[in-house]
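[1] build me a model:
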Amino acid sequence: MLGKRKRKCYECGHADETTRTFPSNSRTTLQKQWLDRLGLDRQETIEKYEEYREKLGKGVDIRWCSKHFNTGETLPIDLRLKPLLATTPLREKLQPHRLNLRYRNHTMCSTPAVSRRRPILITNAESAAADH
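    Below you'll find the model as predicted:
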């Protein structure tokens, strides 16, 4: 009985039974995401992107082995020194307070709006005249 076929990783050359197909040329954003995660400098990434697109256009089957992915993840492991998006967890103690304010006061906006108008200044004399 034959075992499962091992395919060669286009990126590192490792032969693996589990490989993932590089996104097709119609999925340019996903291609860029895969290549950005290799941690290459800008010029190397552009060159590799153009090379991969040319190869795919010629019908080459480009696959990456499981060494480039975490289990259950759809994108490759991020090898960039500084990923573009750094997320921080919400401070749990502040969150309920913000939610209570939002739902008690329906006019309160979750993100402050910047007004382009200059504030109208009312002097004490004008204020007193308006009261009478």
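
[2] going forward, measure contacts between C-alpha atoms and count neighbours the same way
    Noted.

[3] where in this protein is pLDDT low?
    Low-confidence segments of the chain, defined by pLDDT under 70: 1-2, 83-132.

[4] how about the helices in it?
    Using DSSP state H, the helices of the chain run over 28-36, 42-57, 95-104, 124-131.

[5] hmm, who's touching stretch 54-65?
    Contacting residues not belonging to stretch 54-65 are listed as 7-12, 14-16, 18-22, 24-25, 52 [Cα atoms under 8 Å, 6 or more residues apart in numbering].

[6] now that stretch: buried residues?
    Across stretch 54-65, burial judged by 16 or more other Cα atoms under 10 Å covers 56, 62, 63, 64, 65.

[7] among those residues, which lie within strands?
    Among these, DSSP state E puts 63, 64, 65 in strands.

[8] from residue 43, how far off is the closest residue to the last one other than its chain neighbours?
    Going back to what we said before, that points to residue 65. Leaving aside its sequence neighbours, residue 65 sits nearest to residue 19 (Cα to Cα, 6 or more residues apart in numbering; 4.4 Å). Using Cα to Cα, to the nearest Å, one gets 26 Å for the distance from residue 19 to residue 43.
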